[in-house]
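Engineer: Attaching a predicted model along with its sequence, questions to come.
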Amino acid sequence: QKEVEQDPGPLSVPEGAIVSLNCTYSNSAFQYFMWYRQYSRKGPELLMYTYSSGNKEDGRFTAQVDKSSKYISLFIRDSQPSDSATYLCAMDTGTASKLTFGTGTRLQVTL
Amino acid sequence: KAGVTQTPRYLIKTRGQQVTLSCSPISGHRSVSWYQQTPGQGLQFLFEYFSETQRNKGNFPGRFSGRQFSNSRSEMNVSTLELGDSALYLCASRSSGGTGELFFGEGSRLTVL
C-alpha cells in the first residue's frame, strides 16, 4: 500500500463547478501538506501549503487537512478552463527532507 | 526573483550512455532536491543536497548520483542508461533547512533509446 493515495481521475467538470480533490495517507508523521498544479510538459507549481489541521483559503482555492482521519482536500470554486491540469498532493514529515507525492488527479474543466 | 532553472530541457540518449543534468536553485535557497517523474510511478524522490552535503537519498540504484556546488547549483548524473530511465527529472529548491515550501523547475525530459 502506498503512503499517499490519490484518485488519478480523469475528472471532468463544467466551467463554474466546484471541484473537490482528495488524498489519504497512512503515515501519521506527516506534518506539512501541499498541493501542486502541473500543466502538461511543465514542472509542478505550488498552490497551497498548510501545516495544521483545518482550512486555508487563497482566492478560489481552499485546502483542508484532517489529521485525525489522515485526509486532505483541495476545493476549487468557480472552476475555469485554465484550471485544467494535474493536481498533486504532497506531504512532508519535516525531518525527512523529502516530499511524498500522490500520483496526481487529472482535471479537465470544459466550456 | 528568478525561479529554478534546469538544463537541458530535452535530451535523447542511447542505452549504456551517461547523462548529466544541471539545476540552478532560487537565489538564497540552499536545499536542492531531485525527483524522477514517470507516468506509472509519479514523482519519486532521488536525493536532496544541503550546503554541498547529501542529506537524504531515495531508493534508486547507484547509477544515479548527484552533487552540489558551493553556489548551491546542483548536478545529477545517471550512468549506464537503461530504457526505464526515460522520465522527466525535476529539480526543486527550498529556503529553510527542511520545512520550507518546495519550488520546482520545469524539468529535464530524458528519452533513452
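Structural biologist: Cool, the structure landed. Numbering: from 1, shown residues only, chains lettered A, B, ... in the order given.

Engineer: near chain B, which residues of chain A?
Structural biologist: Those residues of chain A that sit near chain B, judged by CB under 8 Å from any CB of the partner chain, are A:32, A:34, A:36, A:41-46, A:49, A:88, A:90, A:92, A:94-104. All C-beta spots, glycine's among them, are computed from the backbone N, C-alpha and C.

Engineer: List only those of the residues you listed flagged as buried.
Structural biologist: A:32, A:34, A:36, A:43-45, A:49, A:88, A:90, A:92, A:96-104 (16 or more other CB atoms under 10 Å in any protein chain shown).

Engineer: So the residue nearest the centre of chain B versus residue A:50, what's the distance?
Structural biologist: Centroid check for chain B by CA atoms, centre = their mean gives residue B:34 as the closest residue, at 3.2 Å. Between residue B:34 and residue A:50 the computed distance is 25 Å (CB to CB, to the nearest Å).

Engineer: Which helix or strand lies directly C-terminal to the helix or strand containing the residue nearest to the centre of chain B?
Structural biologist: According to DSSP states H and E, residue B:34 maps onto strand B:31-38. Using DSSP H and E, the helix or strand that follows strand B:31-38 towards the C-terminus is strand B:42-50.

Engineer: Out of the residues of chain A next to chain B, list just those in strands.
Structural biologist: A:32, A:34, A:36, A:45-46, A:49, A:88, A:90, A:92, A:100-101 (DSSP state E).

Engineer: So which of those is the closest to chain B?
Structural biologist: Chain B has its nearest neighbour among those in residue A:101, at 4.2 Å by CB to the nearest CB.
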